[in-house]
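**Student:** quick one: sequence and predicted model below, then my questions.
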Amino acid sequence: MAACFVATASLTSSCLAFSHRSMMTSSGSLRRAIASSMTSSPRPIGYNQRSFSVLPTQFSSTRLASTAEAEAAPSSTTDEENLTDEEKEAKARAALKSPFLKTMRDRGFLFQCTNLAELDSIMTDAASKDEAVSAYLGFDATADSLHVGSLLQIMILRHLQQSGHRPIVLIGGGTSKVGDPTGKDESRVMLTDEIIKKNTDGISKVFEKFLTFGDTTPSDAIMVNNDDWLSSISYLEFLRDYGQHFTINRMLSFESVKQRLSREAPFSFLEFNYMILQAYDFLELNRRYDAKLQLGGSDQWGNMISGCELGRRVDGAQLYALTAPLITTSDGKKMGKTAGGAVWLNADKLSEYDYWQFWRNTSDEDVIRFLKLFTELPLEEIETMEGWEGADINKAKIVLADEATTLLHGRDCLKAIHDTIDSMFKGGKSAAASTEGLNRIFVSDEEASEGIKFIDLFVKLDLANSKKEARRLIQGGGAKVGDEKIVDENAALNKDRFGGANEVTLRAGKKRAGVVELQ
């Protein structure tokens, strides 16, 4: 259920290359077309034949029998039997009819899916009857704000709702008491109930900017907290009812578990239970809200499959799982992390200006991919930018920054951001009138008279993560007050520096800045 998406999705390009072609009737032609697209584009990180076969009724090493399959074995043609698993998967993707699944495929979100053709049929049929399929995505309350690494998941929920289906935002108030071990070398810090409550309140508000909540239409989103059912579980009763459906052998085969054990890192029994609780969440959400689809990152694939299987074994429910690729930047770095720290989604933790700058600093190699994933620009418009070179690439980055910032903070903030950039970096008009978009802190007249060390101010403005980093910034010549370089790491900002104005601008490098304002 963890919310971070941190690895690339190269396979998407090969699948899309095929998906835009018309379906071929000859299996030989089909094979040649797919083989061509596969050799021209690299496979995604972590790809292997065993773990990535995504077929209508079978994938990976796990077979999830569909409801229809229980009634009668599916017939297969000679042509279908001659296709490889990869060709069958590409054929299923190319034949998608559901607007939601087509969007997932065409914009690069679709990585793995159970019973893809069957899910496509269910979602298409529901839409034709003005009904909604309920799908959920979970977010643990490990911090008081989500960061941009969670944005991919939020965009999936947004596309789901825009396609006429119902998003269920699951806040992990209960699972946060355990901690998701996925991708971690050591146990997470135990959180108190008070901290989890504070974090839950902090992360919940961002969803209202992307989704419509209510109970008036079938696609209105709802938000629920798994603490509502997990905290009341009777341990012995839970073990008797559900423990029998999980084997240690299977759980040890999960990639997240194998990686942890291979590093000889301690793996507590508490964390080992996380995957069982996540599987139980799916069962409970199906019972309470008719959730049929779980969405998540590919690092959650094993846990999500367990939820599908638990629903089938306990209630006879046909459930589905769909993952998005884990996203990294082209240089292999985690999505959502910068030299200045996490790129938070809450404005009280990161200013609109700094959020805009994060997207503006996207590398040339990532800009088109990010336009597809993190904006709602039509694909036709994005495709026209793929041929842009030189200075035009920077225009595409500004479009990305504007559109991504608009989705989170609204379009009204863009004028202040552009005015700030014009005055600070392009020699434009009145700097005093254009610092509105910058992060700022306030100091009293008394504090300014006594003097405040610049290293402390850089940390408070989030222009440096620590005093040590602020000192290195000064030593490297990257710290400025106004246009004047700060050369002494022990220097302080005093009242004289304001020169009769009520604010001064501190700069870290060429593109990051903050304001110190006199109260």
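**Tutor:** Great, that's in hand.
**Student:** please count neighbours and contacts with C-alpha atoms only from this point.
**Tutor:** Will do.
**Student:** show me what residue 172 is bridged to.
**Tutor:** Beta-bridge partners recorded for residue 172 (DSSP bridges): residue 140.
**Student:** just checking, it touches residue 223?
**Tutor:** No: the pair formed by residue 172 and residue 223 falls short of the contact definition of CA atoms under 8 Å, at 10.8 Å.
**Student:** in terms of neighbours, single out the busier of those two.
**Tutor:** Taking residue 172 and residue 223 together and counting by other CA atoms under 10 Å, residue 172 has the greater number of neighbours (27 against 14).
**Student:** residues in contact with the more buried one?
**Tutor:** 138, 139, 140, 141, 225, 226, 227 (CA atoms under 8 Å, 6 or more residues apart in numbering).
**Student:** mind checking how far it is from residue 231?
**Tutor:** To residue 231, residue 172 is 11 Å away according to CA to CA, to the nearest Å.
**Student:** cool, and residue 324?
**Tutor:** 29 Å.
**Student:** of those two, who's got more company?
**Tutor:** Counted by other CA under 10 Å, residue 324 and residue 231 do not tie: residue 324 has more neighbours, with 27 against 12.
**Student:** can you pull the contacts of the more buried one?
**Tutor:** Residue 324 neighbours (CA under 8 Å, 6+ apart): 109, 110, 111, 112, 295, 296, 297, 298.
**Student:** okay, now the fourth one: neighbour count?
**Tutor:** If I follow you right, that is residue 112. By other CA under 10 Å, the burial measure for residue 112, its neighbour count, is 24.
**Student:** off-centre distance for stretch 385-393?
**Tutor:** Distance of stretch 385-393 from the chain centroid (CA atoms, centre = their mean, to the nearest Å) equals 26 Å.
**Student:** would you mark the buried spots in that stretch?
**Tutor:** 385, 393 (16 or more other CA atoms under 10 Å).
**Student:** what is the mean pLDDT for that stretch?
**Tutor:** Here stretch 385-393 scores 90 as its mean pLDDT.
**Student:** quick one: residues in contact with that stretch.
**Tutor:** Contacts for stretch 385-393 (CA under 8 Å, 6+ apart): 364, 368, 396.
**Student:** same thing but 6 Å
**Tutor:** Around stretch 385-393, nothing counts as a contact under CA atoms under 6 Å, 6 or more residues apart in numbering.
**Student:** three-state assignment of residue 296?
**Tutor:** Assigned with DSSP: H, G, I helix; E, B strand; the rest coil, residue 296 falls in the strand class.
**Student:** ramachandran coordinates for the residue lying closest to it once chain neighbours are set aside?
**Tutor:** Spatial nearest neighbour of residue 296, excluding adjacent residues (CA to CA, 6 or more residues apart in numbering): residue 323 at 4.9 Å. With angles defined as degrees, to the nearest 10, residue 323 sits at phi -110, psi 150.
**Student:** same deal with residue 113?
**Tutor:** Per degrees, to the nearest 10, the backbone of residue 113 is at phi -160, psi 140.
**Student:** at which residues are the helices of the stretch 351-500 of the chain located?
**Tutor:** 352-360, 367-374, 379-385, 391-409, 414-425, 445-450, 454-460, 467-475 (DSSP state H, counting those that start in this stretch).
**Student:** which among these is found nearest to residue 282?
**Tutor:** helix 367-374 (25.9 Å; CA to CA).
**Student:** got the CA positions of the closest one in CSV?
**Tutor:** What follows is helix 367-374, C-alpha atoms only, in CSV (Å, rounded to 0.1, in the frame of the first residue of the first chain):
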residue,chain,number,x,y,z
VAL,A,367,9.8,15.9,-19.9
ILE,A,368,7.5,14.1,-22.4
ARG,A,369,7.0,11.1,-20.1
PHE,A,370,6.1,13.4,-17.2
LEU,A,371,3.7,15.4,-19.4
LYS,A,372,1.8,12.2,-20.1
LEU,A,373,1.8,11.1,-16.4
PHE,A,374,1.4,14.3,-14.4
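**Student:** please name every helix or strand in contact with that helix.
**Tutor:** Helix 367-374 sits against no helix or strand, with contacts defined as 3 or more CA pairs under 6 Å, 6 or more residues apart in numbering; DSSP states H and E.
**Student:** report the angle between the axes of that helix and helix 391-409?
**Tutor:** 20 degrees (axes from the mean of the first three to the mean of the last three CA atoms, to 10 degrees).
**Student:** quick check: angle from helix 367-374 to helix 352-360?
**Tutor:** 130 degrees.
**Student:** could you give the mean pLDDT of helix 367-374?
**Tutor:** If you average the pLDDT values across helix 367-374, you get 97.
**Student:** same question, stretch 131-151
**Tutor:** pLDDT averaged over stretch 131-151 gives 94.
**Student:** can you pull the buried residues of that stretch?
**Tutor:** Quick answer for stretch 131-151 (16+ other CA under 10 Å): 131-142, 144-151.
**Student:** of those residues, which belong to helices?
**Tutor:** residue 151 (DSSP state H).
**Student:** quickly note the distance from the residue found closest to residue 373 once you drop the neighbours it is linked to in the chain to residue 503.
**Tutor:** Nearest non-adjacent residue to residue 373, counting by CA to CA, 6+ apart: residue 107, 6.1 Å away. Computed as CA to CA, the residue 107 to residue 503 distance reads 44 Å.
**Student:** average pLDDT across stretch 488-498?
**Tutor:** 87.
**Student:** gap between the two ends of it?
**Tutor:** Using CA to CA, one end of stretch 488-498 lies 18 Å from the other.
**Student:** confidence score at residue 22?
**Tutor:** Note on residue 22: pLDDT of 37.
**Student:** circling back: burial of the residue nearest to residue 296, as a residue count?
**Tutor:** Considering only other CA under 10 Å, residue 323 is surrounded by 22 other residues.
**Student:** ok now do it, which residues does it touch?
**Tutor:** 111, 112, 295, 296, 297, 298.
**Student:** please report the distance of the first one from residue 100.
**Tutor:** This means residue 111. 14 Å.
**Student:** over to the third one?
**Tutor:** Using CA to CA, residue 295 is found at 12 Å from residue 100.
**Student:** verify the stated contact: residue 222 with residue 170.
**Tutor:** No: counting by CA atoms under 6 Å, residue 222 does not reach residue 170; the two are 8.6 Å apart.
**Student:** those two: which has the busier surroundings?
**Tutor:** residue 170 (21 against 18).
**Student:** return the set of residues that bridge with the residue nearest to residue 296.
**Tutor:** Residue 323 has these beta-bridge partners by DSSP bridges: residue 112, residue 296.
**Student:** distance of it from residue 100?
**Tutor:** The value you get for residue 323 to residue 100, if CA to CA is used, is 13 Å.
**Student:** what do you get for residue 460?
**Tutor:** From residue 460 to residue 100 the distance is 43 Å (CA to CA).
**Student:** okay if I get the contacts of residue 323 as CSV plus distance to residue 263 and pLDDT?
**Tutor:** Below are these laid out as CSV (distance: CA to CA, whole Å; pLDDT from 0 to 100):
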residue, distance to residue 263, pLDDT
111, 27, 95
112, 27, 94
295, 29, 98
296, 25, 95
297, 23, 93
298, 21, 91
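**Student:** which of these sits closest to residue 401?
**Tutor:** residue 297 (23.9 Å).
**Student:** what about the closest one, neighbour count?
**Tutor:** By other CA under 10 Å, 27 other residues sit near residue 297.
**Student:** contacting residues for it?
**Tutor:** Contacts of residue 297 (CA under 6 Å, 6+ apart): 323, 324.
**Student:** swap in 7 Å and give it another go.
**Tutor:** Applying CA atoms under 7 Å, 6 or more residues apart in numbering to residue 297 gives the contacts 5, 323, 324, 325, 326.
**Student:** widest-spaced pair of the residues you listed?
**Tutor:** Going by CA to CA, the pair spanning these furthest: 5 and 323, at 10.5 Å.
**Student:** before we move on, the earlier item: same list, the contacts of residue 172, but as a markdown table with distance to residue 449 please.
**Tutor:** Converted to a markdown table, those look like this (distance: CA to CA, whole Å):
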| residue | distance to residue 449 |
| --- | --- |
| 138 | 50 |
| 139 | 46 |
| 140 | 45 |
| 141 | 42 |
| 225 | 49 |
| 226 | 52 |
| 227 | 50 |
